[in-house]
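Peer 1: Sequence plus the predicted model coming up.
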Amino acid sequence: MPDLDSLTLEQIRARLHAQADTTYDVPPELLSDAAREAAVLVPFVRIDDAWNILYIRRTSFEGDRHSGQVAFAGGKRDDIDNSLLATALREAEEEIGLAPGDVEVLGYINHHHTISEFQVRPYVAAIPWPYDLIPDGVEVARIFSIPLRWLADESNYRTEQRQHPQSQRPWPVVYYDRYDGELLWGATARMTLSLLDVLRGN
C-alpha cells in the first residue's frame with residue numbers, strides 16, 4: 001500500500017481524476033427517479049506531518065434518522081447554488097465556519113446514492129491547519145479529525161452485507177471501529193473508502 005501521508009496535494013489532485021465507482025446504500029434498481037442532489041466537503045488537514053480528514057458529528061434530534069451520526073459537512077442543493085461545489089462550500093461555511101476562500105478544492109469522487117434518496121457528490125479539499133472552526137450551534141455537536149493512515153488500515157473497519165426487503169440483491173454497509181469515541185459507518189464510511197481506493201490508485 002502506498003504511503004498516503006507522503007502524498008502531495010498535486011498527487012492527490014491527479015489521483016482524483018481516476019474516479020471510483022458510484023456507490024449505493026440501496027440496490028440500484030430501487031433508486032427513485034426523484035433522488036435529490038446533495039454535496040459534502042471532505043477536508044484534508046495536515047497534523048504532525050500526517051494527513052487527517054475532518055468530520056462532524058451531527059446534533060441529536062428525536063425523529064431525525066441522521067441526527068447524532070458522524071458525517072462530512074454538507075447538505076442538499078438549494079436553488080441559490082449554481083453548482084454542487086457551491087453547495088458543499090456554502091454548507092461547510094454554515095456548519096463549521098469554514099470560509100470558502102480558505103478552501104483549496106482538489107477534485108471530487110463519484111456520487112454516492114443514499115437510502116434517504118439523495119445523490120451525494122463528495123468534494124475533496126485541503127484547508128489550512130490549525131483553523132478556528134466554529135460549529136453551528138444547532139446542527140453540529142462536534143468537529144474532529146481522523147488520521148488517513150488509521151482510516152486506511154483494514155483492521156479498523158468491516159463490511160457487512162444487508163438485504164433489502166424489496167430486492168434479492170444484498171448491498172454492503174461499512175462499519176469502522178470507534179475512533180476517539182466516534183462511530184463512522186454507512187454513507188460517510190462508504191464515501192471514505194471510495195476516496196481511499198482512489199488515493200491508493202485502485
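Peer 2: Happy to help now that I have it. Residues are numbered from 1 along each chain as shown.
Peer 1: Could you give me the buried positions within the strand ranked longest in the chain?
Peer 2: The longest strand of the chain (DSSP state E) is strand 36-47. Neighbour-count burial for strand 36-47 flags Ala38, Ala39, Val40, Leu41, Val42, Pro43, Phe44, Val45 (criterion: 16 or more other CB atoms under 10 Å). For every residue, glycine as well, the C-beta is placed using N, CA and C.
Peer 1: Please tabulate the residues you listed in TSV, including the columns distance to Gly137.
Peer 2: Shown next, in TSV, are the buried residues of strand 36-47 (distance: CB to CB, whole Å):
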residue	distance to Gly137
Ala38	22
Ala39	23
Val40	20
Leu41	19
Val42	23
Pro43	20
Phe44	26
Val45	22
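Peer 1: Closest to Ile127 out of those residues?
Peer 2: Within these, proximity to Ile127 (CB to CB) peaks at Pro43, which comes in at 4.8 Å.
Peer 1: For Val140, see how far away that closest one is.
Peer 2: When distance is defined by CB to CB, to the nearest Å, Pro43 is 14 Å away from Val140.
Peer 1: Identify the contacts common to those two.
Peer 2: Ala73 (CB atoms under 8 Å, 6 or more residues apart in numbering).
Peer 1: coming back round to it: mind listing residues that contact the longest strand of the chain?
Peer 2: With CB under 8 Å, 6+ apart, strand 36-47 has contacts from 12, 51-54, 71-77, 84-85, 87-89, 91-92, 98, 103, 106, 117-127, 129, 131, 145, 147-148, 191, 195.
Peer 1: List buried residues within those.
Peer 2: 12, 51-54, 71-75, 77, 84-85, 87-89, 91-92, 98, 103, 106, 118-127, 131, 145, 147-148, 191, 195.
Peer 1: For the protein, name the helix or strand with the lowest mean pLDDT.
Peer 2: Confidence across the helices and strands of the chain bottoms out at strand 23-24, with a mean of 74, counting by mean pLDDT, DSSP states H and E.
Peer 1: partners of that strand in the sheet?
Peer 2: strand 112-113 (parallel) (DSSP bridges).
Peer 1: Enumerate every residue touching Glu93.
Peer 2: Glu93 touches Ala99, Pro100, counting by CB under 8 Å, 6+ apart.
Peer 1: State the helix or strand in which it lies.
Peer 2: helix 84-96 (DSSP states H and E).
Peer 1: pLDDT on that helix, on average?
Peer 2: When pLDDT is averaged along helix 84-96, the result is 98.
Peer 1: ok, back up a step: now the element after the longest strand of the chain, going C-ward?
Peer 2: Once strand 36-47 ends, the next helix or strand along the chain (criterion: DSSP H and E) is strand 50-58.
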